[in-house]
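Enquirer: everything below, folded, please.
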Amino acid sequence: MAEPCLLGVDLGTMGTKAALYDLEGKLLGDAYEESILRYPRVGWVEQDLEEIYASAVNCIGLARERAGVDAGSIAALAFSSQMSGIGMIDRDWRPVAHYDSWLDTRCAACLPLLQPEAETMTALSGCPPTYAHAAKVVWWQRNQPEAFARTAKFIVPLAYVAGKLAGLKAEDAYIDLTCLHFSGLSDTLRGCWSAELLDRFAIPSAKLPQIVSSTRVIGEVTPEAARITGLRAGTPIAAGAGDQAAASLGAGAVSPADVFDSAGTASVFSICVDQFRPDLRNQVVLASHGVIPGTFYALSFINGGGLNLRWFREQFGQADLASVPVADAYRALDRLAAAVPPGSGGTLFIPHLQGRVLPPDAKLRGLWTGFTWAHSRAHLYRAMLEAVAYEYAYYLNIEQELHPELRCREVRAIGGGAASALWNQIKSDVLDIPYARVSRAEVGTWGSAMIAGAAVGIFGDLGATARAHAGLSGRVEPRPDQHRLYRPYVELYRKILEGYSAHFGALTDLADQADGPG
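Expert: A predicted model of the protein is given here:
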């Protein structure tokens, strides 16, 4: 009889990944397919839920084919996905509208409606008013009442795809605990919807899904789903988890004081903690459930921090980098930036090109300041790398205020950005904490696979399993002299960010008024 294996699928912003693993975490086969993002208006970012499902189906079939495993040997599967966007389904699990992405800021106009309840919302859900579920639901209710009326349930992508594979109906729709904080409508610590918040925002509880643990089996692969994926009908499907929660598990960041840097599409900085402590004063750091019961994460993120580097490569590297592989292009940019002294010759960058999420400011934009004729592309690129580290320093300060008992020993880095030794060293120097890259190339699908294994009883202790299969490499130590040099830059970064905020709003308004090129 074939050895059992586990399937994990990550429904990411930029693409879908599916991977099969044996019970020791060895990768057997995987597949990836790019996502299609649509930008119908300024500030709007959408995806088609049916396209996300089709991509998952394609990747599952291809991963199984590459792994060369029999469908009957796949013991279970689970999904992870982007968390703070929202989808809408009717009673028969059909999409009512395109998926309202976490990158979409159209709901900014609704934030003033939520702001009077910001303290209650933050205290209960762990998430202040921002471009997440609560504001998005209110936007659809006010601006698209017909679509809102046809919506049986609001749902996140992982639940949509898992539910369609399992043949669920709207009454079976769910959200797992790790995504719950982004609802802004929950009593997250208790794991239930907040009647107080729903009443204050006039949101019908009937349109919200049931709340479940990540390891709950929500159904089985239907015969029709088996036919198109190559899976065995009856294969158990676990509820799954948000992408950052699954990645934290896959990276082994599951014990209090474990620090986790997800250097992907977004730049996410989080600390594993054992207490749910919302950031009431700053409303910058989120408080969320981890996959493992009793674990929580204090985290914040730059909306599209990783996208900034791709934008720079595409716009400023066309002449010499357009024809080389993407990884080589970033290595070339790193070599240029490494020759620039810390501080980028007095150049600072603001990395919020599409607005800021925490605290929310939809009109904030990117900025380089302090550059002269003596500065080069290398200075500008290094300033971009340093800006993420400066923002992380702000997060870390708040996280340590919320959890003063924690002593952070090292940061575990994942994502494409973790491959940059230069960036890891910059972050280590700024934060004064050692940095190490997680050796496993893909932690999100492995985290989802572990969730699937726990759901069917294969893994009894998820924490021990995660720690045992999370090797680290490329460790760098903070350099005291560089840390001292960076400290005033961190403070100046905050002052510039706050000082320019109102001017960004005026610029954005002027741009919105323009009809086009003259």
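
Enquirer: could you pull out the buried residues of the lowest-mean-pLDDT helix or strand in the chain?
Expert: None of the helices or strands of the chain scores lower by mean pLDDT, DSSP states H and E than helix 318-321, at a mean of 74. Neighbour-count burial for helix 318-321, counted by 16 or more other C-beta atoms under 10 Å, picks out Leu321. In short, each C-beta sits where N, CA and C put it, glycine included.

Enquirer: tell me how far it lies from the chain's centre.
Expert: Between the centre of helix 318-321 and the centre of its chain there are 30 Å (C-alpha atoms, centre = their mean, to the nearest Å).

Enquirer: quick one: the helices in the stretch 351-500 of the chain, in order.
Expert: In the stretch 351-500 of the chain, helices defined by DSSP state H, counting those that start in this stretch lie at 377-402, 421-431, 443-455, 462-468, 480-513, listed in chain order.

Enquirer: return the most buried member of these.
Expert: For these, ranked by mean neighbour count under the definition mean count of other C-beta atoms under 10 Å, the leader is helix 443-455 at a mean of 30.

Enquirer: same for it, what does it pack against?
Expert: Secondary-structure packing of helix 443-455 (3 or more C-beta pairs under 8 Å, 6 or more residues apart in numbering; DSSP states H and E): strand 5-11, strand 15-22, strand 74-81, strand 236-238, strand 241-242, helix 243-250, helix 462-468.

Enquirer: if we can go back for a sec, can you list contacts of the least confident helix or strand of the chain?
Expert: Residues outside helix 318-321 that contact it (C-beta atoms under 8 Å, 6 or more residues apart in numbering) are Arg313, Ala329, Ala332, Leu333.

Enquirer: again, only this time at 10 Å
Expert: With C-beta atoms under 10 Å, 6 or more residues apart in numbering as the test, helix 318-321 has contacts from Arg313, Glu314, Asp328, Ala329, Tyr330, Ala332, Leu333, Arg377.

Enquirer: from those, list the buried ones, please.
Expert: Looks like those have Arg313, Ala329, Tyr330, Leu333 buried, using 16+ other C-beta under 10 Å.

Enquirer: backbone dihedrals for the third one, please?
Expert: In this case it means Tyr330. Dihedral pair for Tyr330: phi -70, psi -40, per degrees, to the nearest 10.

Enquirer: my guess is it contacts Ala419, does it?
Expert: Yes - in this structure Tyr330 lies within contact range of Ala419 using C-beta atoms under 10 Å: 7.7 Å.

Enquirer: quick one, what contacts the spatially closest residue to Arg407 that is not a sequence neighbour?
Expert: Leaving aside its sequence neighbours, Arg407 sits nearest to Ala257 (C-beta to C-beta, 6 or more residues apart in numbering; 6.0 Å). By C-beta under 10 Å, 6+ apart, the contact list for Ala257 reads Ile271, Cys272, Val273, Asp274, His403, Glu405, Leu406, Arg407, Cys408, Arg409, Glu410.

Enquirer: buried members of these into ChimeraX, please.
Expert: In ChimeraX syntax, the buried subset of the contacts of Ala257 is picked out as below (16+ other C-beta under 10 Å):
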select :271,272,273,403,406,408,410
